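S.K.: Quick one, fold the following:
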Amino acid sequence: MASNVNPTVRRRRLGMELRKLREDKGMTAEQVAERLLVSQSKISRLENGRRSISQRDVRDLCDVYEVEDRRLVDSLMQMAKDSRQQGWWHAFGDIPYSVYIGLETDAASLRVYEPQIIPGLLQTHEYATAIVRGAVPETSQSDIEKRVQVRIRRQERIAEAEPAPVTGDRGPLRLWAVIDEAALRRRVGDEDVMIRQLEHLIGQSELPHVTVQVMPFSMGAHPGVNGQYAILEFPDASDSTVVYIEGVTSDLYLEKANDVQKYSVMYEHLRAQALNVEHTREFIAAIIDDHAKNRDDR
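M.R.: Model prediction:
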């Protein structure tokens, strides 16, 4: 098995297969839990890909579902084994949003709305450092550096080369970011940090697979006023689209078709109301001038 297997995505795929087997058997999660003498929440978390799945779990579930196809059982057992491998981010220790990183690592496209800060995939090192230090003030310097290293490593998805027509490599992440004007004006670090960050943002927006739009204050109320969210889509049709909403103590992952549809429609309205790409670059350039004036006036 290739070493680049993504354990997070593989766990989700396995969970979906196990859910399908349960539904085909006509059993509820509660009934399965009773048979295996485990909690219903464990069955739900296994099916949602929120919990590590052991080969023993797969074997027990296949017994309950009376799966007779040995090849299917062996395939599910291999998926369980692969899902327990560690992704690259585990080398950095305990990362609070590791599930999201696993999904982002394997995503084909990402649509994100950010009302307060520059999206992590588009941050400079010094801006990211200032963000982490300000957002989590009690974090040690070593943990700040670790989180920033992870954020910079995630940006490799943006820098990846286009897939070769023969090999069909994954290629770069298709990123669409709608950013509120507040994120551009909020001084993170000092004015020089902001100037370099916004110049970097313009540069990244010129990549063919990156689209950046600004939602100006003048637009007033819009579909993003309730806060940040991201929509992740995957190259494999069997992997459902995920809406990610970041929380302080826990994150929310929405996969139901109705939820995804609502957020997708909301995002289309955001894109329609935000400045277009060219006007966005001009708008950012003007804010860079504002930061430069503020610096010179200090």
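
S.K.: Arg196 belongs to a helix?
M.R.: Yes: counting by DSSP: H, G, I helix; E, B strand; the rest coil, one finds Arg196 located in a helix.

S.K.: Now it. Nearest residue, chain neighbours left out?
M.R.: In space, and not counting its chain neighbours, Arg196 is closest to Thr124: 5.9 Å by Cβ to Cβ, 6 or more residues apart in numbering. Yep, even glycine has a C-beta here, placed from its N, CA and C like the rest.

S.K.: OK, contacts around the one you found?
M.R.: Counting by Cβ atoms under 8 Å, 6 or more residues apart in numbering, Thr124 makes contact with Val193, Arg196, Gln197, His200.

S.K.: Just the strands from the stretch 51-200 of the chain, written as ranges.
M.R.: 109-114, 174-180 (DSSP state E, counting those that start in this stretch).

S.K.: Pro208 - how many residues pack around it?
M.R.: 8 (other Cβ atoms under 10 Å).

S.K.: brain fart, Glu17
M.R.: 18.

S.K.: what kind of secondary structure is it in?
M.R.: helix.

S.K.: surely Leu121 meets Arg157?
M.R.: Yes: the pair Leu121 / Arg157 is scored as a contact, 7.1 Å apart, by Cβ atoms under 8 Å.

S.K.: For the two, list the residues in contact with both.
M.R.: Leu173.

S.K.: which regions of this protein sit below the pLDDT cut-off?
M.R.: Scanning the chain with the threshold set as pLDDT under 70 gives 1-8, 85-87, 89-90, 93, 161, 163-170.

S.K.: buried stuff in the lengthiest helix in it?
M.R.: Ranked by residue count and defined by DSSP state H, the top helix of the chain is helix 277-297. Of the residues in helix 277-297, Thr280, Arg281, Phe283, Ile284, Ile287, Ile288, His291 count as buried by neighbour count, 16 or more other Cβ atoms under 10 Å.

S.K.: Take the strands of the stretch 51-200 of the chain and lay them out in CSV including mean neighbour count and distance to Met266.
M.R.: Shown next, in CSV, are these (neighbours: other Cβ atoms under 10 Å; distance: least, Cβ to Cβ, whole Å):
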stretch, mean neighbour count, distance to Met266
strand 109-114, 21, 9
strand 174-180, 22, 11
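
S.K.: Can you lay out those strands as JSON lines showing distance to Thr211?
M.R.: Output for the strands of the stretch 51-200 of the chain, formatted as JSON lines (distance: least, Cβ to Cβ, whole Å):
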{"stretch": "strand 109-114", "distance to Thr211": "9"}
{"stretch": "strand 174-180", "distance to Thr211": "5"}
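
S.K.: Quick one: closest of those to Arg147.
M.R.: In terms of Cβ to Cβ, the element of these nearest to Arg147 is strand 109-114, at 17.2 Å.

S.K.: List the contacts of the closest one.
M.R.: Residues contacting strand 109-114 (Cβ under 8 Å, 6+ apart): 104, 119, 121, 173-180, 183, 224, 228-233, 267, 270.
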